[in-house]
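> test case, fold it:
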Amino acid sequence: MDHILPGIVVHELATPRYTAQVLERPSADADAPRATVLFVHGNVSSSLFWQPTMLALPADVRALAVDLRGFGGSEVRPVDATRGLGDYAEDVASVVEALGLDEVHLVGWSMGGGVVMQALIEHALPVASVTLVNPVSPYGFGATDAAGRLLTPDAAGSGGGGANPDFIARLRDGDRTADAPSSPRSVYLGTYVTPGFASEHDDRWVESMLTTAIGEDNYPGDATPSENWPGFAPGTRGVLNTMAPTSFDVSGIVDLDAKPPILWIRGANDVIVSDTSLFDLNHLGALGVIPGWPGEDVAPAQPMVAQTRAVLDRYAERGGTYREAVFEASGHSPLIEEPERFVAELVAHVVGEGEAAA
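Model prediction:
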């Protein structure tokens, strides 16, 4: 429990799906909180990242953060990637039900944003609002054009085969150093946040990353060979394959009958979810990092941010509402890079208290 901040309570919650670890910052009025917020973390992280945000919310707000299967303190169970992020979405739905929540504000970061969007489509949850923080594109991660269409029939270059083997090994071995560019700490400092950012919690964030379960059923997942560059395609198991565009497409949020208001928060300096992502193999090919790139006509970079904006624009055209808040000093993690503004934006969205920062 060394990585749990004072004021946070840890729960082990049994659900029909899995045994979930859930963190809670209780409301001052336990019987009648003004709002309940459920935070969903991203890939190679856990609920630990949400603690400062939870503690900074108004005292009459109940704050909860769930660990997805194979992350944090939750049970390690296999991930069926043929469902997209469906295993995680159903897990979140089971947590909402087990907690008996009759209204909830969902906040999803990165992969967690995709989990939230898929949960909206597949489960009748009592959602009052949604906040997406640097979310994965509604069309998944890699191998699609601007309209979300597959660049190759097998989505070559996306999925479990794209993970760095040394990063996987260092995660598995619990490397806490910054001795190599592919160590978890170096990856955090170089890509989760804007380079040069540091916080008092950096050790806690690395510990969060190290809770990631490693293997073909979890992170990163399996892969299949492909005749298309760069020589592999998504498999059917594990985390990275859940976001492969052969299995994941949540652009259907535009067709929801009930459309909760959406706040889209993104860091301007994000190099993970970006129109020029350093984790998009097509972009790395264009940079010359991966040899043999077949060119812009065949393998263009995925315009992830533009795709998200296009889908949210359609969401608004069909009766929903959304607002985009760009954090100019942040990378992939505005929740920890600009925490005061992040909380202000979230509170304004959830309970309408105060004004969102300019």
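> from Ser47, how far out is Leu114?
For the record, residue 114 is Gly, not Leu. The gap separating Gly114 from Ser47 is 17 Å, by CB to CB, to the nearest Å. In this view, the C-beta of every residue, glycine as well, is placed from N, C-alpha and C.
> try Arg237
Arg237 sits 24 Å away from Ser47, going by CB to CB.
> okay, the two: which has more neighbours?
Ser47 (29 against 22; other CB atoms under 10 Å).
> tell me the contacts of that one?
Neighbouring residues of Ser47 by CB atoms under 8 Å, 6 or more residues apart in numbering: 21-23, 39, 41, 65-67, 72, 208.
> please convert these to a markdown table, extending it with distance to Val326, neighbour count and secondary structure.
Shown next, in a markdown table, are the contacts of Ser47 (distance: CB to CB, whole Å; neighbours: other CB atoms under 10 Å; DSSP: H, G, I helix; E, B strand; the rest coil):
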| residue | distance to Val326 | neighbour count | secondary structure |
| --- | --- | --- | --- |
| Gln21 | 32 | 20 | strand |
| Val22 | 31 | 22 | strand |
| Leu23 | 28 | 24 | strand |
| Phe39 | 21 | 26 | strand |
| His41 | 22 | 27 | coil |
| Ala65 | 24 | 26 | strand |
| Val66 | 27 | 29 | strand |
| Asp67 | 29 | 27 | coil |
| Gly72 | 29 | 25 | coil |
| Ser208 | 25 | 25 | helix |
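> and the residues you listed, which is closest to Ser247?
Closest to Ser247 out of the contacts of Ser47 is His41 (20.5 Å), distances taken as CB to CB.
> spatially nearest residue to the closest one, not counting backbone neighbours?
Distance criterion CB to CB, 6 or more residues apart in numbering; nearest residue to His41, sequence neighbours excluded, is Gly112 at 5.2 Å.
> with Thr152 instead?
Closest residue to Thr152 apart from its sequence neighbours, by CB to CB, 6+ apart: Asn228 at 4.5 Å.
> repeat for Asp29
Excluding its sequence neighbours, the residue lying closest to Asp29 (CB to CB, 6+ apart) is Asp60, at 5.5 Å.
> my read: the one you found touches Arg34, true?
Yes. At 4.4 Å, Asp60 counts as touching Arg34 under the criterion of CB atoms under 8 Å.
> what do those two both touch?
With CB under 8 Å, 6+ apart, Asp60 and Arg34 have common neighbours Ser27.
> and the end-to-end length of stretch 283-297?
By CA to CA, to the nearest Å, the extent of stretch 283-297 from end to end equals 12 Å.
> any idea of the mean pLDDT for that stretch?
Averaged over stretch 283-297, pLDDT sits at 97.
> what residues sit buried inside that stretch?
283-286, 290, 293 (16 or more other CB atoms under 10 Å).
> same question for stretch 323-336.
Neighbour-count burial for stretch 323-336 [16+ other CB under 10 Å]: 325, 327, 330-336.
> in JSON lines: those residues, plus secondary structure, pLDDT and distance to Asp257.
Below are the buried residues of stretch 323-336 laid out as JSON lines (DSSP: H, G, I helix; E, B strand; the rest coil; pLDDT from 0 to 100; distance: CB to CB, whole Å):
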{"residue": "Ala325", "secondary structure": "strand", "pLDDT": "98", "distance to Asp257": "26"}
{"residue": "Phe327", "secondary structure": "strand", "pLDDT": "98", "distance to Asp257": "32"}
{"residue": "Ser330", "secondary structure": "coil", "pLDDT": "98", "distance to Asp257": "34"}
{"residue": "Gly331", "secondary structure": "coil", "pLDDT": "98", "distance to Asp257": "36"}
{"residue": "His332", "secondary structure": "coil", "pLDDT": "98", "distance to Asp257": "32"}
{"residue": "Ser333", "secondary structure": "coil", "pLDDT": "98", "distance to Asp257": "33"}
{"residue": "Pro334", "secondary structure": "helix", "pLDDT": "98", "distance to Asp257": "31"}
{"residue": "Leu335", "secondary structure": "helix", "pLDDT": "98", "distance to Asp257": "30"}
{"residue": "Ile336", "secondary structure": "helix", "pLDDT": "98", "distance to Asp257": "35"}
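> circling back to that earlier point, quick one: contacts for the residue nearest to His41?
Counted by CB under 8 Å, 6+ apart, Gly112 has contacts 39-42, 68, 133, 135.
> Tyr315 too?
Tyr315 is in contact with 253-254, 259, 262, 322, counting by CB under 8 Å, 6+ apart.
> which one of the residues you listed sits in the busiest neighbourhood?
Counting neighbours by other CB under 10 Å, Ile262 leads these with 24 neighbours.
> who's in contact with that residue?
Contact analysis of Ile262 by CB under 8 Å, 6+ apart lists 129-132, 312, 315, 320-323.
> tell me the buried residues within those residues.
Here, 16+ other CB under 10 Å leaves 129-132, 312, 315, 320, 322 buried among the contacts of Ile262.
> could you confirm Trp38 falls within a strand?
To be clear, residue 38 is Leu; Trp isn't right here. Yes. The assignment for Leu38 (DSSP: H, G, I helix; E, B strand; the rest coil) places it in a strand.
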